[in-house]
Every structure is written in C-alpha cells, then in structure tokens.
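Asker: Sharing a model prediction with you, sequence too.
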Amino acid sequence: MIHPSELPSDTAELIDHILERYHETHRRQLTELIQLARRVEQVHAGKPGVPSGLADILQRALGELEVHMRKEELILFPAMRRPDGMRPLDGPTSQMREDHSDQEEMLERVTAMTADFTAPEDACRTWRALYAGAAEFRNDLVDHIHIENHILFPRFETMAVQA
Ligand SMILES: [Fe+2]
Ligand SMILES: [Fe+2]
C-alpha cells in the first residue's frame, strides 16, 4: 500500500500524479490485458483453470473505468483545482466512492477467477503474461482507489462543518 509520504502533498500535483500514474496506466493495461485474455480463452478453451469470461469482464471494466475517470477528469478534478475549490464536494466524491466499491468488487471477481493470479504449472507465456499483468493492474487500481478515498477526497469533504 502506498504511503502518503511517497506522494506530492500539493493537491494540483497530486491530481497530476493520479492522472499520469493511474488513469493513463489503466487505459494501457486494460487494453493489453483484454487482448491477452481473449487469446488465452480461445487457445486454451476447455482446459482446467482457463479463466473463461475474463476478457468480457475486463472489457466491461475498461468501459466503466473510462466513464468514471472521465467524470473525475472533466468535473471533479477541475473543481478541486480551482482556487476557491475548498468547499465541500461531498456529493460528487460520494458518487466516486460508490464507483470505487464497484471497482473493488470487479477486482475480487478477477482475483477469484484467476486463482489469485496463479497460472497452472504448464501455462504458456501468454497465460503467464496475462496473470502477471492482471496482478499489476489489481495492485495499481487498489493504490489508485486508496489515494483518492483516503488522501485526496477527504480534503474536500464536509469542509463546511469545519469552517
Ligand atoms: Fe481516479
Ligand atoms: Fe476514482
């Protein structure tokens, strides 16, 4: 788990970091993972342990993440960057927190259907690359959600109460 000391403390810099390190990375990761999953599911159809349905789950995850990240990129983060942005944004952040819960459920399903990202002993290189990449995606998304939920969003929540 990422520690706050490893992150920029300034809000605008933290947002820049989230965009580069996570949003752009997820887009690349998922696009590649979907292709790998389709190949593994096709080539090894019927084999024990084959993660059938994984490509579809990742495809849906990419679509949902895209919608979610766009809401952050186009609405929430610009509001947070504004100099007068220190007002409560509880409404939008609670919606984003709900999306994050859905993302965590998706990660649990992916973790379960890949046996915690453990490929069979005799798995081919594509299968191994798929699970290694999927584990990396899982770790990145867990960190991404953690940073938003616990470090960035609280700066903009229930400020009116404290003022
Ligand atoms: Fe985000
Ligand atoms: Fe988010």
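Answerer: All right, it came through fine. Ligands and ions are numbered 1, 2, ... in the order given.
Asker: Please make it C-alpha for all contacts and neighbour counts, starting now.
Answerer: Will do.
Asker: Stretch 33-51 spans what distance, first to last residue?
Answerer: Start-to-end span of stretch 33-51 (CA to CA, to the nearest Å) is 12 Å.
Asker: which other residues reach it?
Answerer: For stretch 33-51, contacts defined as CA atoms under 8 Å, 6 or more residues apart in numbering pick out 52-56, 58-59, 113-114, 119-120, 126-127, 129-130, 133-134.
Asker: tell me the contacts of Tyr131?
Answerer: For Tyr131, the contact set (CA under 8 Å, 6+ apart) comprises Thr114, Phe117, Thr118, Ala119.
Asker: ok so, going back, which ones among the contacts of stretch 33-51 are found in helices?
Answerer: Counting by DSSP state H, these place Leu54, Ala55, Asp56, Leu58, Gln59, Met113, Thr126, Trp127, Ala129, Leu130, Gly133, Ala134 in helices.
Asker: Now pLDDT, distance to Thr25 and neighbour count too, for these, in a markdown table please.
Answerer: Below are these laid out as a markdown table (pLDDT from 0 to 100; distance: CA to CA, whole Å; neighbours: other CA atoms under 10 Å):
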| residue | pLDDT | distance to Thr25 | neighbour count |
| --- | --- | --- | --- |
| Leu54 | 98 | 19 | 20 |
| Ala55 | 98 | 18 | 20 |
| Asp56 | 98 | 20 | 13 |
| Leu58 | 98 | 14 | 21 |
| Gln59 | 98 | 15 | 17 |
| Met113 | 96 | 23 | 17 |
| Thr126 | 98 | 20 | 13 |
| Trp127 | 98 | 21 | 23 |
| Ala129 | 98 | 17 | 16 |
| Leu130 | 98 | 16 | 23 |
| Gly133 | 98 | 12 | 18 |
| Ala134 | 98 | 12 | 25 |
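Asker: low-confidence ranges in the chain?
Answerer: Low-confidence segments of the chain, defined by pLDDT under 70: 85-87, 159-163.
Asker: For it, which segments are assigned as helices?
Answerer: 11-18, 24-43, 54-71, 77-81, 90-113, 125-147, 159-162.
Asker: Take the ones you listed and lay them out in CSV including distance to Met1.
Answerer: What follows is the helices of the chain, written out as CSV (distance: least, CA to CA, whole Å):
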stretch, distance to Met1
helix 11-18, 15
helix 24-43, 17
helix 54-71, 21
helix 77-81, 23
helix 90-113, 15
helix 125-147, 6
helix 159-162, 27
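Asker: Any idea which of those gets closest to Phe153?
Answerer: Closest to Phe153 of these is helix 90-113 (CA to CA; 6.5 Å).
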